Structure formats: structure tokens, C-alpha cells
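[1] Sequence first, predicted model second:
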Amino acid sequence: MFKEEDYPRSSVEKNGWQLTFCDDFDAPLLDDMFWFPAYRSGRKEYFKRIGRPSRWQNHNAYYEIADSILKLKLTPDMPPRKNPQDWCVSCLCTSDHRFGNTTDDVQILEKFAQEYGRFEARCRCAKAKGGILNAFWLHHTDPLAQEYSPEGESRKDTGEKLEIDIFEILGSQISDTSSYAQLTVHYTPDGHYTPQIPVDFSKHFHEFAVEWDPDTIGWFIDGQEVARYNGETPRGKMFILCALFQYSGWIGEIDPDMEYPKELAFDYIRVYKRIGS
């Protein structure tokens, strides 16, 4: 039963699972052993090189850590941009990359990535009339195996399984009485789910998780399974990306009267492997 209150911190010890990654954000600064504080800067650098404009005027993260809570933040002037309504993102990743003279020459800058397992976070989302997206994703470490080519072309028609959205939560789909969660494995014709949960995701902390196996992915909110995909799942190691976006598109238009700050707050992020796998 979902409750309109903070979901309690779950035990770090889980039966049948071995902990492989854990950040409780107990230090006042971001742990650079784990995180790159930017949105996929290797891809942004390559776009610039080939003359393709980035949608993000600034892709570097604006965040703060206080009382063991990480807050990815958007304010009228941070991340820096010309106008408050310009597109921007505050993002952390556990892997990045750099291309050399060609895309055949790639350096993968992996701090953490894993194939299969349980990925979870206890967090509180940002609400808005439009133009705000809360995101917690898994992406391949290899930039040649990601959902877009290095040149920015979508691979959605290839049938490859290239991304897992632990959640995408539109600020406009959070209300005082319920919230929708977008749960997706890209790219599949039947791997997208939008459960309506009878709580306000912006008011309290809730735990979101996926359990990713070779032939199934289960999504859990506050310990309850809310969706399951059965079929071939992504192959290869994937890294964690958590982000708070402001832009206009399928998530709606940016509210010209947006009230700031907007915050996507994390209490912890943990990853596990099945014991014996």
C-alpha cells in the first residue's frame, strides 16, 4: 500500500544480493571517485567538433549536499545560461568518454558500471506546470552502443536494447494526490509503462528500483513491483545517470512563470549483484 509520507530507508543488506556501489552522500562534497558532474560531456564535445549544436546551453551540474541529501538543482541563474527559460540540465554520471581523432579512437572514463543487478535510489522529485523532467537512467559505457550515434542519430529503428529508464517523471505529471512514472527499456515496442501512483512524488522521499536480468526487467516503487518487461534486455555494462532537466518538448513547454529552485533530491543510490551471478 503506497502511503503519502516518506518511505523509510531500506536496509542496505538484501537477501540474495551483494552490494557493489553505495553513495549515502554523507560528505559535504561530491565523491569524485564515483561521479562526473556533467551531462554526457564526451558527446557534447564531439557534437561541438562536428558542428552540431547542443540543446543544452550549459551541461554542467548545479548541486548541493546538506544533511546527507544530494540535491540536483535548477535556479534562475544556475546552471549558468542567458535567460531563466533557456534549456539546461543538472546531471551526474558514473561514466563518460572522450573521442580521439576519430570515433574509432575512444577513451572510456568509467568510474562505475555494471551488467545486470538491482539499481535503486531513495529520492524526492521536482514538480512543475511544464518543462521539467526528473530522470534516473542506465546507459552503455561504450558511446558506440548508446541510444544515439556519436553524430546524434537515433538508433530506435535498429531493435537494439540500449537504455533502461529506472524512471522518468515529468514535473507536470505530479499532483497533490498522484504521480505518473515513465518506466522504459529502449528500444522495444512493448517496453514502456506509465503507472499512476497515489502519492505526490515531490512531497516525500520514495524508493525507486529496477532489477535487471538477461531476460526480464522489474520496476519497483516503495518495495512494490509496478511493471515488468519480459524479453531480451540490454547487454553489456551500463552506467548510472541521474538528472534534472529543463526544456520544452514532449514533457511540455517551460513555464514562463517557473518558480525556483527546482530540486531532485537523493538520499542514497545503491547497486547490487545477485549472489552467485
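    Thanks, I have it.
[2] from the middle of its chain, how far away would the lowest-mean-pLDDT helix or strand in the chain be?
    When each helix and strand of the chain is scored by mean pLDDT, DSSP states H and E, helix 41-49 comes last, with a mean of 93. Offset of helix 41-49 from its chain centre (C-alpha atoms, centre = their mean, to the nearest Å): 20 Å.
[3] and the gap between K129 and K262?
    Distance of K129 to K262, given as C-beta to C-beta, to the nearest Å: 12 Å. Quick note: C-beta positions are derived from backbone N, CA and C, even for glycine.
[4] okay, these two: which has more neighbours?
    Remark: of K129 and K262, K262 carries more neighbours, 24 against 15, as counted by other C-beta atoms under 10 Å.
[5] Am I right that that one is in contact with G171?
    Yes: contact criterion C-beta atoms under 8 Å: K262 and G171 qualify, at 7.4 Å.
[6] Which residue lies nearest the spatial centre of the chain?
    Central residue of the chain (C-alpha atoms, centre = their mean): F136, 2.1 Å from the mean position.
[7] That residue pairs with what?
    F167, C242 (DSSP bridges).
[8] show me what contacts it?
    The contact partners of F136, taken as C-beta atoms under 8 Å, 6 or more residues apart in numbering, are A121, C123, D165, I166, F167, F208, I240, L241, C242.
[9] Next one, pLDDT for it please.
    pLDDT, F136: 98.
[10] how near is it to K71?
    Distance of F136 to K71, given as C-beta to C-beta: 14 Å.
[11] Also K156?
    Counting by C-beta to C-beta, the separation of K156 from K71 is 32 Å.
[12] Check I108 too.
    Using C-beta to C-beta, one obtains 29 Å as the distance from I108 to K71.
[13] Neighbour count: these two, which is higher?
    The neighbour comparison of I108 against K71 (other C-beta under 10 Å) goes to K71, with 21 against 16.
[14] Tell me who's in contact with the more buried one.
    Going by C-beta under 8 Å, 6+ apart, the list of residues near K71 reads Y63, E64, I65, E263, L264, A265, F266.
[15] Show me which pair in those residues is furthest apart.
    I65 and L264 (13.2 Å; C-beta to C-beta).
[16] before we move on, back to that, what would the contacts of F136 look like in a markdown table with distance to E147, pLDDT and neighbour count?
    Formatted as a markdown table, the contacts of F136 follow (distance: C-beta to C-beta, whole Å; pLDDT from 0 to 100; neighbours: other C-beta atoms under 10 Å):
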| residue | distance to E147 | pLDDT | neighbour count |
| --- | --- | --- | --- |
| A121 | 21 | 98 | 22 |
| C123 | 23 | 98 | 25 |
| D165 | 10 | 98 | 22 |
| I166 | 15 | 98 | 24 |
| F167 | 16 | 98 | 23 |
| F208 | 20 | 98 | 24 |
| I240 | 15 | 98 | 25 |
| L241 | 11 | 98 | 21 |
| C242 | 17 | 98 | 24 |
